[in-house]
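> Need the 3D shape of this:
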Amino acid sequence: MPHDRYRPAHERVSLPLRDRTWPSRHLTRAPLWVPVDLRDGNQALAEPMDITRKRRMFDLLCAMGFKEIEVGYPSASRTDFDFVRHLALSDAVPDDVTVSVFTAARHDLVDRTLASVEGLPRTLVHLYTATAPTWRDVVLGRTRDEVHTLIRQAATYLMRRAEERPGAGIRFEFSPEVFNLTEPDFVLEVCNGLTELWEASPDRPVVHNLPATVEVATPNVYADQIEYMHRHLARRESVILSVHPHNDRGTGVACAELAVMAGAQRVEGCLFGNGERTGNVDLVTLALNLYAQGVNPMVDFSDIDAVRDVVEDCTRLPVHPRHPYGGALVHTAFSGTHQDAISKGMAHHTRHAGELGVPAGRAPWEVPYLPVDPADIGRTYEEVIRINSQSGKGGIAHLLREHHGLNLPDRMRPDFSRVVQDVTDAEGRELSPEDLWDLFHRTYITSAQAGPVTLGAWRTTRTAPGAHEFVCTLVTGADERELVGRGNGPLSAFAEALGAAGIAVDILDYAEHSTAVGPDSPAVAYVECRVDGVTRWGAGWDTCVLSASVKAVLSACNRVMRAGA
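Alright, predicted model coming up:
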């Protein structure tokens, strides 16, 4: 591959910044988020949104709490113009939301843009022109001075036309397109000139939006460029410094975060990163990155699946299942080691919340592999651990406990994990919690009811302190026998009765618990037995704990005898 054809971005733009301060800063509050889904995101769609889809997206953005929304490029298409008119005539814009519209620096396009916003109470008109050398030379065919003149003439015209609408609440934004490849002194000259021309003030600031229109450098280079502008912009208190990173190098989120550390106050982007080429910076990731650091993102992602559904419907583009925070699989662990850590972490979280005397949803969150609590963004814990051939005993035990009330003993977990592994390897598919229960039932519970050995009528009697007698009918094949066993407890007496039938049983481990709350709740018992020299686990299920225990011993016996047959 001819890599020598390309020149590093930092060699193309000389930046006079040597004493940068942004690396030592931290993000402590959210910037002003400006979604551009309805303009920049829309113009990147194979099937641009119609008015119905645009309105649904706009309503979503308002409901999420965005206070400034770029709604279209009204001079570029009839649909965009009609949608802005729809907003103006339908009373659809909340009182605390500002509408932004986009226009190139041409008088006729400015006229069309201003015609679209007639009647809107608050409008930001976003003027743009490409300023980078390659764009000046190849696209515009103008010198640097000529481009500056073009911008100033368009900005003057926009201001004069806005002055013809007193009380319309029109403010101004300027984007030097491809800012990140433009000479810093030229951008500063143009922006400072517009700040003065538009008579910016703290109560009526202008927005200077500095796009990484094509991402070409590492994020630190963009941060240096933003800090340089932040330090040198004239009348800084009257300027909102905005950024608009794209994602051509896959580092758009990092560019935005470092830019805010470098002095940016405003970020333009799209939900889930839609946009031209590899997309705009992703506002979902940016906002929830802040949330995961304990910073209020100032927008509502408490039902992220509903947000994703609207975005997918409006854009007709799927959100990748591994997309940060919003993807369908982003909180899901298939790996056994991950599942075990998550299961233990969530159990610890519940205990810690109890110790603090607060609901689990308010306790400090520190669970391995989960940077945020899935419940905080509307997800359920059902999707956190899922079972396939990569899964381990911890995840399997977690799902059985959460969905079916089974608390498998630690020593039993490897036994059932091997059963699950055999099935997932053979079938190559994921097992649901219901599949796991069915497999557990077939492996253990059914073994107590159908196998080489079946138990007929039985009873146990305490004959003396610490002494029990077990009387039963045992059927092995065609042979039916009445047996009596004695021991220091019902199970040891049952084991002796089995020994009388030629089945040597030693009980090595035992556990039992109720599966729910209430006197009639089913009980489950787990027993590890050595049967004729072979160790197996069994399980029994019954409303009576003793009956469940007897079935568990029989389950272990049948598993050994069936395997031996």
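> so residue 521 makes contact with residue 515?
Yes. Residue 521 lies in contact with residue 515 (CB atoms under 8 Å); the separation is 5.9 Å. The C-beta positions use only the backbone N, C-alpha and C, and glycine is treated the same way.
> List the buried residues of the one helix or strand residue 469 maps to.
Under DSSP states H and E, the secondary-structure element containing residue 469 is strand 467-476. Neighbour-count burial for strand 467-476, with 16 or more other CB atoms under 10 Å as criterion, is recorded at 468, 469, 470, 471, 472, 474, 476.
> Show me what the first one is bridged to.
This points to residue 468. residue 462, residue 487 (DSSP bridges).
> which ones are touching it?
By CB atoms under 8 Å, 6 or more residues apart in numbering, the contact list for residue 468 reads 460, 461, 462, 486, 487, 488, 489, 490, 492, 493.
> next one: the fifth one
For residue 472, the residues meeting the contact criterion (CB under 8 Å, 6+ apart) are 455, 456, 457, 458, 459, 482, 483, 494, 497.
> Look at the fifth one and report its pLDDT.
At residue 459, the predicted lDDT confidence score is 94.
> Are we agreed that it is in a helix?
No. Under DSSP: H, G, I helix; E, B strand; the rest coil, residue 459 sits outside any helix and is assigned strand.
> Can you name the residues that contact it?
470, 471, 472.
> wouldn't the second one be in contact with residue 458 here?
Yes. Counting by CB under 8 Å, a contact exists between residue 471 and residue 458, whose distance comes to 6.6 Å.
> Flag the shaky bits of the chain, pLDDT-wise.
Along the chain, segments meeting pLDDT under 70 span 381-383, 385-392, 517-519, 564-565.
> Regarding the residue nearest the centre of it, what is its secondary structure?
Centroid-nearest residue in the chain: residue 325, 1.3 Å away (criterion: CA atoms, centre = their mean). Recorded secondary structure, residue 325: coil (three-state DSSP).
> isn't it right next to residue 297, touching?
No. If you go by CB under 8 Å, residue 325 and residue 297 don't touch, sitting 11.0 Å apart.
> can you list residues touching both of the two?
Residues touching both residue 325 and residue 297 by CB under 8 Å, 6+ apart: residue 288.
> Touching, residue 530 and residue 505? I think so.
Yes. Using CB under 8 Å, residue 530 is in contact with residue 505, at 7.3 Å.
> between those two, who's got more neighbours?
Ranked by neighbour count (other CB atoms under 10 Å), residue 530 and residue 505 place residue 505 first, with 23 against 15.
> got the phi/psi numbers for the residue nearest to the centre of the chain?
phi 70, psi -50 (degrees, to the nearest 10).
> Apart from its neighbours in sequence, what residue is nearest it?
Leaving aside its chain neighbours, residue 325 sits nearest to residue 288 (4.5 Å; criterion: CB to CB, 6 or more residues apart in numbering).
> Name the residues linked to residue 480 by a beta bridge.
The partner list for residue 480 in beta bridges (DSSP bridges) reads residue 475.
> Settle this for me: it is touching residue 455, isn't it.
No. With contact defined as CB under 8 Å, residue 480 does not reach residue 455; the gap is 11.0 Å.
> overlap in contacts of those two?
Residues touching both residue 480 and residue 455 (CB under 8 Å, 6+ apart) are 473, 474.
> Counting neighbours, go ahead and name the busier of these two.
Between residue 480 and residue 455, residue 455 has the larger neighbour count (other CB under 10 Å), namely 20 against 11.
> Identify the residues contacting the residue nearest to residue 109 when sequence neighbours are not counted.
Leaving aside its sequence neighbours, residue 109 sits nearest to residue 75 (CB to CB, 6+ apart; 4.0 Å). Going by CB under 8 Å, 6+ apart, residue 75 touches 81, 103, 104, 108, 109, 110, 112, 113, 116.
> Which helix or which strand is home to the fifth one?
Using DSSP H and E, the secondary-structure element containing residue 109 is helix 107-116.
> after that helix, next one along is what?
strand 123-130.
> who touches that next one?
68, 70, 98-105, 110, 113-114, 117, 136, 139-140, 147, 150-151, 154-155, 158, 162, 168-178, 207, 209, 213.
> for stretch 147-166, same thing?
Contacts with stretch 147-166, where a contact means CB under 8 Å, 6+ apart, come from 105-107, 110-111, 114, 118, 125, 127, 129-131, 136, 140, 142, 168, 170, 172, 174, 186, 189-190, 193-194, 197-198.
> Just the buried residues from those residues, in PyMOL please.
To isolate the buried subset of these in PyMOL, counting by 16+ other CB under 10 Å, use the following:
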select buried, resi 105+106+110+114+125+127+129+130+131+136+142+168+170+172+174+186+190+193+194+197+198
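> ranges for the strands of the stretch 51-200 of the chain?
Counting by DSSP state E, counting those that start in this stretch, the stretch 51-200 of the chain has strands at residues 68-72, 98-104, 123-130, 170-177.
> which one of these lies closest to residue 535?
Closest to residue 535 of those is strand 68-72 (CB to CB; 66.0 Å).
> Mind listing residues that contact that closest one?
32-36, 38-40, 42, 54, 58, 61-62, 80-81, 83-84, 87, 97-102, 116, 124, 126, 268.
> Enumerate the helices of the stretch 351-500 of the chain by residue range, in sequence order.
Taking DSSP state H, counting those that start in this stretch as the test, the helices found in the stretch 351-500 of the chain are 393-404, 413-427, 433-440, 490-500.
> Give me the phi and psi for residue 212.
phi -90, psi 70.
> sorry, back to before: a markdown table for the buried residues of strand 467-476, including distance to residue 451?
Listed next are these as a markdown table, based on distance: CB to CB, whole Å:
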| residue | distance to residue 451 |
| --- | --- |
| 468 | 25 |
| 469 | 25 |
| 470 | 19 |
| 471 | 21 |
| 472 | 15 |
| 474 | 12 |
| 476 | 10 |
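> Among these, list the two that are farthest apart in space.
Greatest spacing in the buried residues of strand 467-476, by CB to CB: 468 and 476 (22.9 Å).
> Give me the buried stretch members for stretch 157-177, please.
157-159, 161-162, 168, 170-177.
> Also stretch 399-411?
399, 400, 402, 404, 406, 408, 409.
> same question, stretch 312-324
314, 315, 317, 319, 323, 324.
> Out of the buried residues of stretch 399-411, which is nearest to residue 292?
Among the buried residues of stretch 399-411, residue 402 lies closest to residue 292 (CB to CB), at 24.1 Å.
> what separates the closest one from residue 380, distance-wise?
Between residue 402 and residue 380 the distance, using CB to CB, to the nearest Å, works out to 10 Å.
> Same question for residue 11.
51 Å.
> can you check residue 294 too?
For residue 294, the distance to residue 380 - CB to CB - is 23 Å.
> quick one, what contacts the closest residue in space to residue 187 that isn't next to it in sequence?
Nearest residue to residue 187, sequence neighbours excluded (CB to CB, 6+ apart): residue 176, at 5.1 Å. Applying CB under 8 Å, 6+ apart to residue 176 gives the contacts 128, 129, 130, 131, 182, 187, 190, 191, 210, 211.
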